[in-house]
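Student: please find the sequence and the predicted model below.
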There are 2 protein chains.
Amino acid sequence: MDIKEELKKFQDKVNPELKVFFDKNIKDSKENNFITTEALKQVKKITLSGGKRLRPALMYWSYLGVGGQNRKEIIKTSISIELIHMFLLIHDDIIDNDSKRHGVETIHSRYNKIGKIIAKEKRDSVHFGNSMGIVVGDIVCALGNQVLFKSKFNAELVIKALDQLQSIIARVAVGEAQDVFIEHKRMASEKEVLDMYKNKTAKYTIEGPLHLGAILGGASDKLLNKISEFAVPVGIAFQIQDDILGIFGNEKKIGKPVGSDIREGKQTILVVRALKNASKKQKEVLNRLLGKKDISEVEIEEFRKIIRETEALDYSNILAQKLIKEGKEALHNIGFNKESEKTLLALADYMTQREI
Amino acid sequence: MDIKEELKKFQDKVNPELKVFFDKNIKDSKENNFITTEALKQVKKITLSGGKRLRPALMYWSYLGVGGQNRKEIIKTSISIELIHMFLLIHDDIIDNDSKRHGVETIHSRYNKIGKIIAKEKRDSVHFGNSMGIVVGDIVCALGNQVLFKSKFNAELVIKALDQLQSIIARVAVGEAQDVFIEHKRMASEKEVLDMYKNKTAKYTIEGPLHLGAILGGASDKLLNKISEFAVPVGIAFQIQDDILGIFGNEKKIGKPVGSDIREGKQTILVVRALKNASKKQKEVLNRLLGKKDISEVEIEEFRKIIRETEALDYSNILAQKLIKEGKEALHNIGFNKESEKTLLALADYMTQREI
């Protein structure tokens, strides 16, 4: 199975729904207030300029996997999780000071520029941009929730799904808080990092969407637990793999400059493990290079060497492989229909494949 | 009817529910992650240190007014709108750079201090505080939504109420965006200001909670429209009255230093109207004093004099009285039961009473 092809087919179904959604809300907002119109246009542009639609796809496949029949409605409803994702990204971009998303200006960054133009006198346009980013994120959150209410699924199931969606939001926000803490302290234990991966990636990106789809397809709580046994290990493995690629991958494959994780001083599992095993001298080098904005190619290679020598790379690889194996075994126990099981198995491989 | 007494009675019923809610979530979070525990404790402290519970009270009286019978359940459910209010205040406090709320440290301000302590090296702890404020607000939003799902009302009604709640959040966020724009530009038309009042105060503080209660009590869409005819004018009048007190009221009554609206450079209806009618000289004075951090008593008096001379005070008073009259007349047409009608009438008077 060519999973990239499958994802592409799904994107072709879900992207028009996203477009319809934004166009309707942009139109409605015009009758109301131009500020929102402008903001929603920018959110639409960011959303449609990129993204794999991984979360809606998982929701879709899980729904079909437990026997759901209404393909049209689940595709329409699956944009809710993509909108929630956009809301979180809008807030995340403020937190991370990122000015681009999918190559398009982020909300806070755009309003920072607008702020410079509209102010009569000298005002703090960074704060203006951030304020607008907070508020626009909140609007997109409300709209994402609303998509779920307005779906035509049975009211009891929708409430159960909504309850789940709020847990997902609360959980990823906890993960984000952990990340903010770790990033600020520049220090973390392996347990803290893995816990953050569980909240920020595994539960949010994999388990959450699978649960949403399964709930709308009528799955029992017991089935949801089985899904978690697949989703959580695969999600953590995905994040570990991402960390490895972030330091050892090539620019073309990972879509960001080589060494940017080092430049940002990210406390990944690799770094935490390396610091634990490092000699005093190695530790000094790691700490000197972590967060160094103008790190050179030679220094990146020096950093990689220590990650290898401290066996942090081997350790992370082994851990990821163990988790993938664990997840894949659990997948067979869920009892998804054959098509969804095949797709999710291919997806688990795709997400955690080693490209170095 | 002593409306303050009625509000107090309601507070005594709803505050224990808030306490139970926070204690449960603080306990649950302990099993999960200490970061959230700490944050939720602070949110609890802020929430229980003040606030009139006006929004839950409106939800409660509206529910009873349309014939709802389950008093216990509506009180439990009404904390959802108070939690949503807290979420918005947490984000609002970041936007307004406010370090205290109900005399307690705001979330971003608290984490700003924590950030200074925990960072290994010199880091941007203001940004850390704001980041945590964004994230903690998002968590409280999700929890507030969840209270509504978990209520025991009929699922169809809960979905309708939730849909309404998301519209309320989206609407107040639009109002907040308008406010951020106006505050940043330091310039607005009367129409822009009144539109912002409609979104930020009337629809959010009055109409929204009344609609939520009425929906859960089984009200028709037609009835909701009638409620709006009461809620929107009274809400705008309340805000205008608040503006008047903000400039002419005394410190004890309004709970903030005299002239703080002038010091913050707020574009209230009074200011916008005065600027419109002012002579060139008066306009110069207004613009010079607006936003002046170290404004003196004499200057405040000078400012007030111009507000009077340009007839901005009379204009605003007349507008507020007209809106209150309009709202009160509409109240009789709703057909609430006698007790709720009496309470809401007293509340409309209380909220818009002239205390200068």
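Tutor: Yep, that arrived. Numbering: from 1, shown residues only, chains lettered A, B, ... in the order given.
Student: secondary structure class for the residue in the stretch 251-356 of chain A positioned nearest to chain B?
Tutor: With Cβ to the nearest Cβ as the measure, A:Gly291 is the residue of the stretch 251-356 of chain A nearest to chain B, at 8.8 Å. (Glycine included, C-beta is placed from N, CA and C.) At A:Gly291 the chain is in coil, as set by DSSP: H, G, I helix; E, B strand; the rest coil.
Student: ok, now which ones touch it?
Tutor: Going by Cβ atoms under 8 Å, 6 or more residues apart in numbering or on different chains, A:Gly291 touches A:Arg186, A:Arg263, A:Glu264, A:Gly265.
Student: okay, the closest residue to the third one other than its chain neighbours: pLDDT?
Tutor: Using Cβ to Cβ, 6 or more residues apart in numbering or on different chains and skipping the chain neighbours, the partner closest in space to A:Glu264 is A:Gly291 (7.0 Å). Looking at A:Gly291, its pLDDT reads 87.
Student: how much space between the residue positioned nearest the centre of chain A and chain B?
Tutor: Centroid-nearest residue in chain A: A:Thr205, 5.6 Å away (criterion: Cα atoms, centre = their mean). Distance, A:Thr205 to chain B, by Cβ to the nearest Cβ, to the nearest Å: 17 Å.
Student: A:Leu212 too?
Tutor: From A:Leu212 across to chain B, the span is 14 Å (Cβ to the nearest Cβ).
Student: okay, and that residue sits in which element?
Tutor: Using DSSP states H and E, the element containing A:Leu212 is helix A:208-216.
Student: and that helix, what's buried?
Tutor: By neighbour count with 16 or more other Cβ atoms under 10 Å in any protein chain shown, helix A:208-216 contains the buried residues A:Gly208, A:Pro209, A:Leu210, A:His211, A:Leu212, A:Gly213, A:Ala214, A:Ile215, A:Leu216.
Student: just for chain A, where's the confidence low?
Tutor: Across chain A, the ranges flagged by pLDDT under 70 are A:32-33, A:120-122, A:251-256, A:354-356.
Student: how about the strands in it?
Tutor: Listed in chain order, the strands of chain A (DSSP state E) span A:100-101, A:104-105.
Student: from what I can see A:Phe153 touches A:Gln69, true?
Tutor: No: look at A:Phe153 against A:Gln69 with Cβ atoms under 8 Å: they stay out of range, at 11.3 Å.
Student: higher neighbour count, these two?
Tutor: Higher neighbour count among A:Phe153 and A:Gln69: A:Phe153, with 20 against 9, using other Cβ atoms under 10 Å in any protein chain shown.
Student: so what's that one up against?
Tutor: Contact partners of A:Phe153, counting by Cβ under 8 Å, 6+ apart, are A:Asn70, A:Glu73, A:Thr77, A:Ala161, A:Leu216.
Student: so which bits of stretch A:222-238 are buried?
Tutor: Of the residues in stretch A:222-238, A:223-224, A:226-238 count as buried by neighbour count, 16+ other Cβ under 10 Å.
Student: revised request: answer the last question for stretch A:331-341.
Tutor: For stretch A:331-341, by 16+ other Cβ under 10 Å, it's A:Leu331, A:Ile334, A:Phe336, A:Ser340, A:Glu341.
Student: from those residues, which two are the most distant?
Tutor: Across the buried residues of stretch A:331-341, no pair lies farther apart than A:Leu331 and A:Ser340, at 9.8 Å, counting by Cβ to Cβ.
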